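Visitor: Whatever this is, show me its structure:
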Amino acid sequence: MQHTYSIKGMTCNGCASSVQEQLSKVEDVQDVQVDLEKAEATITMSRHVSMQKLEAALSDKYAIGIKEENHTTMDAPMEKSKWEQLRPLFLIFAYLFAAAILLNYQNWSFNNAMLDFMGLFYIVFSFFKFLDLKGFPESFRMYDPLAKAVPFYGKMYPFLELALGLLFLMRVQIPLALILTIVILGITTYGVTKSLLDKKSIRCACLGTALNLPMTEATFIENAIMLVMAVSMLLQF
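Guide: Below is the predicted model:
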């Protein structure tokens, strides 16, 4: 079943992420989608959860109320399939692969193509995170163990991605950039894997908070591709 509630007290994407995280921890809640502009949260439940439990899960900053009753059986189709929700991510990957190939097709070098792909990957993904530097850390810490333990790491992550992207594109300190990639994405992939195994319904922060992407197997595959590239390149160095 699915219900939509009004949420008061949200002022930014960080607030929306906090509300989503807090409500997602409530027992019998399967999925939470928060709309900051409409000031509402759509909650999918395995069975009905009382308003008292939802109120207790939220911090004092927020207030929840019944906005409308949208009863949807669990067998009813979702508004968007996973494929439709993740379409922006797949499009970005297609563009990155195409760009890496076009940059090297005249004097083809597989290694240079991989370095260009990794550099462009970091540059593009950091761009989306820079669109909401305040809201990104809150979403990122929901599944990245290091960002959860050290909040400052989440704030610096977009800058770190940008720096790594420049190192790869400029061919500067490539071994160091590869090692950092393995460490950083290794930590994130661990958090993603744990979230998937725990079947948590959370938002993927890979493209910041500008796009509402769900955490799915595609997020794991995205990180795995970069890790395989980094390990194979480091072995050559």
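Visitor: which residues in the protein form strands?
Guide: Ranges of strands in the chain, per DSSP state E, are 2-8, 29-35, 40-45, 63-68, 203-204, 213-214.
Visitor: so who does the nearest residue to Ile179 once chain neighbours are set aside touch?
Guide: The shortest distance from Ile179 to any non-neighbouring residue, by C-beta to C-beta, 6 or more residues apart in numbering, is to Leu234 (6.8 Å). Using the backbone N, CA and C atoms, a C-beta is placed for each residue, glycine as well. The contact partners of Leu234, by C-beta atoms under 8 Å, 6 or more residues apart in numbering, come to Pro175, Leu178, Ile179, Ile182.
Visitor: Then Met118?
Guide: Listed by C-beta under 8 Å, 6+ apart, the contact partners of Met118 are Leu164, Gly165, Phe168, Thr181, Met226, Met229, Ala230.
Visitor: Same check on Gln22?
Guide: Neighbouring residues of Gln22 by C-beta under 8 Å, 6+ apart: Ala57, Leu58, Ser59, Tyr62.
Visitor: excluding its backbone neighbours, what's nearest Lys53?
Guide: According to C-beta to C-beta, 6+ apart, the nearest residue to Lys53 is Val26 (5.8 Å).
Visitor: Quick one: residues contacting Ile43.
Guide: By C-beta under 8 Å, 6+ apart, the contact set of Ile43 is Gln2, His3, Thr4, Tyr5, Leu23, Val29, Asp31, Val32, Val49, Leu54.
Visitor: For it, give the beta-bridge partners.
Guide: Per DSSP bridges, the residues bridged to Ile43 are His3, Val32.
Visitor: where does it land on pLDDT?
Guide: At Ile43, the pLDDT value in this model is 90.
Visitor: how much space between Tyr190 and Val183?
Guide: Per C-beta to C-beta, to the nearest Å, Tyr190 is found 11 Å from Val183.
Visitor: For these two, indicate the residue with more neighbours.
Guide: Taking neighbours as other C-beta atoms under 10 Å, Tyr190 and Val183 compare with Tyr190 leading, 15 against 12.
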